[in-house]
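Visitor: below are the sequence and a predicted model; questions follow.
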Amino acid sequence: MRRVFFYVSQMQTESRPPVSAYIRTLNEARMIADVVRAALLIADEVVIVDSGSTDGTQEIAAAAGARIIEHEWLGNGFQKRLAEDSCRHDWLLDLDADEIVSPELAAEITALFEAGEPAHKIYRTMLALVPPIGAPWRDFGLQVRHKLYDRRAVRAPAHKAWDQFDIPDGVTVGRLGEPLLHHAFTGAAQFMDKLNRNSTVRAQTLPLKSKPYLAARIIAGFPFYFAKKYLLQKYFRGGVYGFALASMSAYGRWLRDVKMWERAKQSSRAPEEKRS
């Protein structure tokens with residue numbers, strides 16, 4: 001059952017474009033106040049869809065200016081759909097609870113709406129990692145996302161694991177030059193915890209691959225996963241820490257293959273146990 005908790009507005013909204021920012025949360029007290037305040041540089045409203053935080057996330061976010069909705073966890077894509085439906089405006093800014101809108105990005109988005117509706121229905125946004133040590137990775141290791149979009153043109157996928165939409169045919173995509181600043185983790189331990197959780201969810205919910213295919217990826221896939229991060233995404237520019245993060249990321253991707261292989265083995269064993 002969904003219920004609205006409370007709403008606190010601390011800023012005048014006349015100068016902001018008709019954009020609703022939404023954030024899914026569960027125990028995100030670490031950064032949620034900063035994320036909400038930064039989002040309010042650009043968004044007319046910030047909607048938090050919280051799935052039962054016990055660390056004060058709801059109260060902190062509301063004090064920062066967000067509208068809070070509590071709802072049990074439905075899955076990654078389904079929870080985004082709920083957030084989309086809860087927003088006042090059709091133009092949406094999809095944020096995670098560790099992503100900061102910089103003043104430069106806010107100014108760029110504001111400029112899109114100065115003459116009315118933006119030229120495109122979807123805008124590509126880059127995620128720039130802000131590691132717990134060192135400067136933000138603004139010009140390497142970037143991830144492509146489509147964070148600003150019109151829900152009349154596209155919606156989050158109705159899926160438990162996947163939450164990134166495909167670009168509809170005929171819809172053009174604009175580009176934002178300034179990245180979102182992604183404070184993805186506080187250190188190696190938390191990063192590994194996130195990789196473990198994500199690999200479990202995706203191994204359990206994505207379409208099952210064949211055992212021979214998965215076995216081949218388990219045996220030979222790790223070097224390719226590492227090379228993609230370290231060479232293609234230029235993690236080598238992050239020095240020793242870049243090497244470490246590329247290794248951990250590759251391990252998380254490899255772990256998903258192992259967990260899906262376990263699922264495939266269990267699935268094939270179940271009919272045999274029934275026959276016996």
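Guide: Happy to help now that I have it. Keep in mind the model is a prediction, meaning the values are calculated, not measured.
Visitor: ok, now which ones touch residue 78?
Guide: With contact taken as C-beta atoms under 8 Å, 6 or more residues apart in numbering, residue 78 is in contact with 158, 159, 160. C-beta here means a position set from N, CA and C on the backbone, and glycine is covered the same way.
Visitor: return the distance of it relative to residue 134.
Guide: In this view, residue 78 and residue 134 are 36 Å apart by C-beta to C-beta, to the nearest Å.
Visitor: now residue 51
Guide: Residue 51 sits 32 Å away from residue 134, going by C-beta to C-beta.
Visitor: again, but for residue 189
Guide: In terms of C-beta to C-beta, residue 189 sits 18 Å off from residue 134.
Visitor: what does residue 218 give?
Guide: Distance, residue 218 to residue 134, by C-beta to C-beta: 33 Å.
Visitor: out of these two, which sits in the busier spot?
Guide: residue 218 (15 against 12; other C-beta atoms under 10 Å).
Visitor: could you look up the SS state of that one?
Guide: helix (DSSP: H, G, I helix; E, B strand; the rest coil).
Visitor: just checking, it touches residue 254?
Guide: Yes: using C-beta atoms under 8 Å, residue 218 is in contact with residue 254, at 7.0 Å.
Visitor: ok, which stretches of the stretch 101-250 of the chain are strands?
Guide: Ranges of strands in the stretch 101-250 of the chain, per DSSP state E, counting those that start in this stretch, are 122-129, 143-150, 173-175, 180-182.
Visitor: buried deepest among these, which one?
Guide: Comparing the strands of the stretch 101-250 of the chain by mean neighbour count (mean count of other C-beta atoms under 10 Å), strand 180-182 ranks first with a mean of 22.
Visitor: dump the residue contacts of the residue most central in space within the chain.
Guide: Taking C-alpha atoms, centre = their mean, the centroid of the chain lies closest to residue 96, which sits 5.1 Å from it. Residues near residue 96 by C-beta under 8 Å, 6+ apart: 23, 24, 182.
Visitor: 6 Å instead?
Guide: If you count contacts by C-beta atoms under 6 Å, 6 or more residues apart in numbering, residue 96 has none.
Visitor: roughly how far does it sit from residue 67?
Guide: Residue 96 is 18 Å from residue 67, where distance means C-beta to C-beta.
Visitor: again with residue 103
Guide: Residue 103 sits 23 Å away from residue 67, going by C-beta to C-beta.
Visitor: what do you get for residue 200?
Guide: 31 Å.
Visitor: next one: residue 93
Guide: Per C-beta to C-beta, residue 93 is found 14 Å from residue 67.
Visitor: among those two, which residue is more densely surrounded?
Guide: Applying other C-beta under 10 Å to residue 93 and residue 67 shows that residue 93 carries more neighbours, namely 26 against 22.
Visitor: so that one touches residue 22, yeah?
Guide: No: counting by C-beta atoms under 6 Å, residue 93 stays clear of residue 22, with 7.5 Å between them.
Visitor: pLDDT value on the nearest residue in space to residue 244 that is not next to it in sequence, please?
Guide: The spatially closest residue to residue 244, leaving aside those adjacent along the chain, is residue 188, at 7.0 Å (C-beta to C-beta, 6 or more residues apart in numbering). As predicted, residue 188 sits at a pLDDT of 96.
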